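J.: here are the coordinates; sequence isn't available:
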């Protein structure tokens, strides 16, 4: 969408395909990056409309719009789509677009595999979404698919769910392998590891996390599949298995997974804040080590998701302290961002607005996470709207805001046009206000005891849910402004210079805007 | 791809890819290895209220009459299990080291022969390590003919090392219908009466 076909005037493209086959057979990292980004945006809207169904049903107490089974399918598929269809592909798209340009490489290291890792994704989500139309409906056991909900009590569509997760996992693993090989082998001369931009660093570490835990997820869904259809008893006590073990295996994947969804954000924010503070990033090396520390600790905290399953006190204390320990490297990052801004000559262009909102709102999400980490308190918060508020603060006003910030930061580079900044500011302010109206009151609903994943609630929660739903609708509508800004920017707009942000640094700004179809065929010299 | 002048030696792509794929395969296997690891961990620590699934040696311990522990029994049926299943008493007070027998009463109200398996769980999990069963119906599948009833014994003692702060422990049995997965010897037990 964003690279103009007319730019392909280079020597080695005598037979460059056009039309649909250009996109089907492309091995160009910019094309594949665009495909990933568009795909993730479509999934964001699909998953978002499911959230709208959820919020519409919860607008009033009682059951009015959908039946409880369909409501459960909505919460389940909303979660799966947003995690695996929106946030993760958006990051992979950004990695495809930006990593080669940031390290001075001509393309990703494994371009054909790159094509595969994207093109299997639409099939995975077609399978998942199609299962909603089956008799008995789609998956309704929550995105965490706890056994026995997903084994004994699940519908016939479970096999489709399992296969679609398998395909998503294969796609992520291929993407991760590609990122690692690219970063290890394709850096321009002089681009040592400790000179790499932080977005590259955070993605490098994220890719290793993906390699480590996506296979465990594949194992977990395979066990669910064989338990349900082939008579094994991994999670069935009658056959010697244990349903609690499911939670251990799932969260051994699940906790690193939440860092997979936030580490690339840290890289994006670490690029944007220095650019608009006109200062070098404070504490580059400590940022790298903090990212690695967070990734390492993520393997030692999984059981904080399951404090209420009845663990020995010693285990609860271990997981509680390990979890709290993560706030140290995360704090290092937040303080480094603040120190970068300190006495900088700051300006507030749209990417910076999103980055600032990220720092504040992500920190709120971090604090509520810290509260949940305290074992005795978690017994009250567990499975309430407090948890929903917590992970939406880190994933929506965290991960998604950082993706928006990245889009606004690099859109001129991708399209060659400046976007409509007035509209973009409208998008920012409406999103900022509505996201807080949407998620902040959920903390109170949760503290007051409103359970999550239930289509009905006690009447005393009616007012709070009405406010939350209004915030939800407003946030959903605000994202259409984003779509409008992007489409407008692709088609028209003021011609963008090679470096539209005066304080920006990095190799990507040394190539013209829009970035030519092939960049850095001769590696740049980095010193 | 043009050959870039390299400033440092780098491994070729194939080697990195092979190593990463090996890691992927290893982590997939690790996911499954978590199953026996978890079993071993539970057996070792009593984590999750697991009791040993085989007969313990008969108590040779001195009975500690200075302490009394209240052992409670809970029975429940897994979904779809039609038997009536209950303990002959709700709880029993025992001294650590003292051996007791408790009967669990089961009846099969259906018109067909069935096989059941009881799965124990102990709360608090910590106490599971100190509950020794020298004989238990839960070690084996239990056949029961249509309309029949039976008393199934469970003989146990508490290890005198059981921590001081445990005054009450709960032993829960969940009864599952295993007719479809019955072992051949259990079926053979039931066959002659047919």
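T.: Thanks, I have the structure now. Just so you know, these numbers come straight off a predicted model, no measurement behind them. Numbers count the residues shown, from 1 in each chain, chains lettered A, B, ... in the order given.
J.: can we go C-alpha only for contacts and neighbour counts from here?
T.: Noted.
J.: ok now stretch A:315-326, how far from the chain's centre?
T.: Between the centre of stretch A:315-326 and the centre of its chain there are 25 Å (CA atoms, centre = their mean, to the nearest Å).
J.: meant to ask about stretch A:306-321
T.: Distance, centroid of stretch A:306-321 to centroid of chain: 28 Å (CA atoms, centre = their mean).
J.: same question for that stretch: list its buried residues.
T.: Of all the residues in stretch A:306-321, those buried under the rule 16 or more other CA atoms under 10 Å in any protein chain shown are A:306-308, A:311-312, A:316-317, A:319-321.
J.: ok, which pair from the residues you listed is furthest apart?
T.: Farthest pair in the buried residues of stretch A:306-321 (CA to CA) is A:308 and A:321. Separation: 16.4 Å.
J.: near chain B, which residues of the stretch 1-150 of chain A?
T.: If contact is defined as CA under 8 Å from any CA of the partner chain, the residues of the stretch 1-150 of chain A in contact with chain B are A:106, A:109.
J.: swap in 10 Å and give it another go.
T.: Those residues of the stretch 1-150 of chain A that sit near chain B, judged by CA under 10 Å from any CA of the partner chain, are A:105-107, A:109-110.
J.: and stretch B:38-51, how far from the chain's centre?
T.: For stretch B:38-51, the gap between its own C-alpha mean and the chain's C-alpha mean amounts to 9 Å (CA atoms, centre = their mean).
J.: neighbouring contacts of that stretch?
T.: Residues lying outside stretch B:38-51 but in contact with it, judged by CA atoms under 10 Å, 6 or more residues apart in numbering or on different chains, are A:240-242, A:244-245, A:248-249, A:309-312, A:315, B:34-37, B:52-53, B:119-133, B:170-172.
J.: hmm, try it at 6 Å
T.: Among residues not part of stretch B:38-51, those counted as contacts by CA atoms under 6 Å, 6 or more residues apart in numbering or on different chains are B:121-123, B:125-126, B:128-129.
J.: look at residue A:18 and say how many residues are nearby.
T.: 11 (other CA atoms under 10 Å in any protein chain shown).
J.: interface residues of the stretch 151-300 of chain A facing chain B?
T.: In this structure, the stretch 151-300 of chain A approaches chain B at residues A:189, A:211, A:215-216, A:219, A:238, judged by CA under 6 Å from any CA of the partner chain.
J.: mind pulling up the pLDDT for the residue nearest the centre of chain A?
T.: Within chain A, one residue has its C-alpha closest to the average C-alpha position: by CA atoms, centre = their mean, that is residue A:87, at 2.7 Å. According to the per-residue confidence, residue A:87 scores 97 in pLDDT.
J.: now swap in residue A:2 and tell me
T.: Looking at residue A:2, its pLDDT is 46.
J.: check residue A:307 too.
T.: Listed pLDDT for residue A:307 reads 94.
J.: and what of the one 10 residues further on?
T.: For residue A:317, the model assigns a pLDDT of 94.
J.: quick one: it and residue B:109, what's the gap?
T.: From residue A:317 across to residue B:109, the span is 47 Å (CA to CA, to the nearest Å).
J.: residue A:174 now?
T.: Distance check for residue A:174 against residue B:109: by CA to CA, it reads 56 Å.
J.: of those two, who's got more company?
T.: Neighbours per residue, other CA under 10 Å: of residue A:174 and residue B:109, the larger number sits with residue A:174, 24 against 16.
J.: please work out the average pLDDT along the host helix or strand of residue A:438.
T.: Per DSSP states H and E, residue A:438 falls inside helix A:421-447. The average pLDDT for helix A:421-447 rounds to 97.
J.: do the same with stretch B:11-20
T.: 91.
J.: which residues touch residue 85?
T.: No chain specified, so I'll use chain A. Listed by CA under 6 Å, 6+ apart, the contact set of residue A:85 reads A:40, A:43.
J.: right idea, wrong chain: chain B
T.: Taking CA under 6 Å, 6+ apart as the test, what residue B:85 contacts is B:105-106.
J.: mind running it again at 7 Å?
T.: The contact partners of residue B:85, by CA atoms under 7 Å, 6 or more residues apart in numbering or on different chains, come to B:75, B:105-107.
J.: for residue A:273, same thing?
T.: Remark: with contacts taken as CA under 7 Å, 6+ apart, residue A:273 is in contact with A:337, A:352, A:355.
J.: show me which of these is closest to residue A:397.
T.: Set against residue A:397, the nearest of the contacts of residue A:273 by CA to CA is residue A:355 (9.9 Å).
J.: my guess is the closest one contacts residue A:269. True?
T.: Yes: Residue A:355 sits in contact with residue A:269 when judged by CA atoms under 7 Å, with a separation of 5.8 Å.
J.: who touches both of the two?
T.: Between them, residue A:355 and residue A:269 share these contacting residues under CA under 7 Å, 6+ apart: residue A:402.
J.: the more surrounded of those two?
T.: Between residue A:355 and residue A:269, residue A:355 has the larger neighbour count (other CA under 10 Å), namely 31 against 26.
J.: report pLDDT for the more buried one.
T.: Residue A:355 carries a pLDDT value of 98.
J.: can you classify it by secondary structure?
T.: Under the three-state scheme (DSSP: H, G, I helix; E, B strand; the rest coil), residue A:355 adopts helix.
J.: same thing with residue B:166?
T.: With three-state DSSP as the criterion, residue B:166 reads coil.
J.: what is the burial count for it?
T.: Neighbours of residue B:166 using other CA under 10 Å come to 13.
J.: list phi and psi for it.
T.: phi -90, psi 110 (degrees, to the nearest 10).
J.: report the separation between it and chain A.
T.: 14 Å (CA to the nearest CA, to the nearest Å).
J.: overlap between the buried residues of stretch A:306-321 and the residues near chain B?
T.: A:311-312 (CA under 7 Å from any CA of the partner chain).
J.: restricted to helices, list the buried residues of stretch A:306-321.
T.: Taking DSSP state H as the definition of helices, the buried residues of stretch A:306-321 contribute A:316-317, A:319-321.
J.: could those residues be laid out in a markdown table, adding distance to residue A:67?
T.: Converted to a markdown table, those look like this (distance: CA to CA, whole Å):
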| residue | distance to residue A:67 |
| --- | --- |
| A:316 | 38 |
| A:317 | 41 |
| A:319 | 38 |
| A:320 | 38 |
| A:321 | 41 |
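J.: chain B: which of those residues is nearest?
T.: For chain B, the nearest member of those is residue A:316. The distance, counting by CA to the nearest CA, is 11.9 Å.
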